[in-house]
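Novice: Quick one, fold the following:
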Amino acid sequence: MHIPYLDIDLPDWAGKLGGVLAFVLLLSLVHRILFAALRRLAGRTATKTDDILIARLDRPSFWLVIVIALAASGPGLDLPRYWETIWQRVLGLLTPGIFGWMLLAGLTAYRDISEVRFDITAADNLRARRRRTRIGILHRIGVFVLILITAMMMLMSIPSVRTIGVTLAASAGVAGLAIGAAAQPALKNLIAGIQMAFTEPIRIDDVVIIDNEWGRIEDIRLTYVVVRIWDDRRLVVPVSKFLENSFQNWTRETSALLGSVFWYLDPAADVARIRVKLEEVVRASPRWDQRFFNCQVTDSKQDGLMEVRGLMTAKDASTAFDLRCEVREAIYAFIRDEMPEALPRTRIMPAPPPSPSPTGLPSAPR
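Specialist: So this is what the prediction gives:
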């Protein structure tokens, strides 16, 4: 190849390589212009869905264009057999990897879009939590399967590895037993995670009590669940435990809860006045959701005290806890200031004096 302006003669492979590079640069420029236009169009829309999709697909699609350009330019290079083999091996590794990356970006974009569409910070977030939980678990399963298939396709493009794979497939019985025995705990939790995606015993942001700890479901992985405890500790629980053992789920069907407060008072307490005070406190509180409240004497204790129970409803578990504390403090302040006779007390009755004997001396004990 002769360059007249520079009066330089280049070998044929240099000219062909320059043509390949020019073709790759041209497709890269087209890709950049196209995605710049798409980002500008997405910025004019009210929804964030298209912005998320474009942001996730930008980089993998760019490298996909590069690989397609290299694959299309390969025959025109007229490489020697040795370099042609290396060229095909490199493309055999890159092509499934880039396609897998592209599919992975699409899965992740779908998960991100679902997080925007289904807001779990709303008051009535049951449907949003259900969808977010299912999509999150299925996304992790899809990522695991996609990475596994992509890695297998990349390795199978190497002839020596392909031969090893055929040999392993022939002895899959013994290998399967050995691998199955070694990976039984992990497979157990993995299958439990898939089962949880469809049975939904828990969802993201559910309020649960497990291992005597109160907390919210913060994250659900394939093999474990992260529970955020009320004091910001994290409890990591195997997925199988939620399917095999019992636990309390306070928000299984709805986030609204019925809270209870107990007072142990003297029987001299005026329950009617306490009931009126409780109604006053509950109705004045912004934490009450205006569904229900009640005050009753529910039990009598052996020490002579009576158990007074107050019930009140709130929109979620955190609000219900704060409302219970508010009502408990208000009633105790009312009893202290206006009804001190209701405070618990112990009554002591003196024993009657002994009766005198006919002789004037105290009678002997019998």
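Novice: use CA for all of it now, contacts and neighbours both
Specialist: OK.
Novice: Arg134: what's it in contact with?
Specialist: With contacts defined as CA atoms under 8 Å, 6 or more residues apart in numbering, Arg134 is in contact with 197-198, 200.
Novice: Can you say which of these are buried?
Specialist: Ala197 (16 or more other CA atoms under 10 Å).
Novice: taking the contacts of Arg134 one by one, which sit in helices?
Specialist: Using DSSP state H to define helices, the subset of these located there is 197-198.
Novice: Compute the distance between Ala37 and Ile54, please.
Specialist: Going from Ala37 to Ile54 by CA to CA, to the nearest Å gives 11 Å.
Novice: When those two are compared, which one has more neighbours?
Specialist: Just comparing Ala37 and Ile54: by other CA atoms under 10 Å the higher neighbour count belongs to Ile54, 18 against 12.
Novice: Quick one: distance of the host helix or strand of the more buried one to the chain centre.
Specialist: Ile54 is located in helix 49-77, with elements delineated by DSSP states H and E. Distance of helix 49-77 from its chain centroid, counting by CA atoms, centre = their mean, to the nearest Å, is 32 Å.
Novice: And for stretch 209-216?
Specialist: On CA atoms, centre = their mean, the centre of stretch 209-216 falls 16 Å from that of its chain.
Novice: got the end-to-end distance for it?
Specialist: One end of stretch 209-216 to the other measures 9 Å (CA to CA).
Novice: from now on call the first residue 751
Specialist: I'll keep to 751 as the first residue from here, and by that count the last item is stretch 959-966.
Novice: Beyond the host helix or strand of Leu1061, next helix or strand please.
Specialist: Element membership of Leu1061, judged by DSSP H and E, is strand 1056-1064. With elements assigned by DSSP H and E, the helix or strand that comes after strand 1056-1064 is helix 1067-1088.
Novice: and that next one, what does it pack onto?
Specialist: Counting contacts by 3 or more CA pairs under 8 Å, 6 or more residues apart in numbering; DSSP states H and E, helix 1067-1088 is packed against strand 1007-1015, helix 1021-1034, strand 1056-1064.
Novice: which residues sit against the following helix or strand past the longest one?
Specialist: Sequence order places strand 1038-1050 as the next helix or strand after helix 1021-1034, per DSSP H and E. For strand 1038-1050, contacts defined as CA under 8 Å, 6+ apart pick out 1021, 1025, 1028-1029, 1032-1033, 1056-1065, 1070, 1073.
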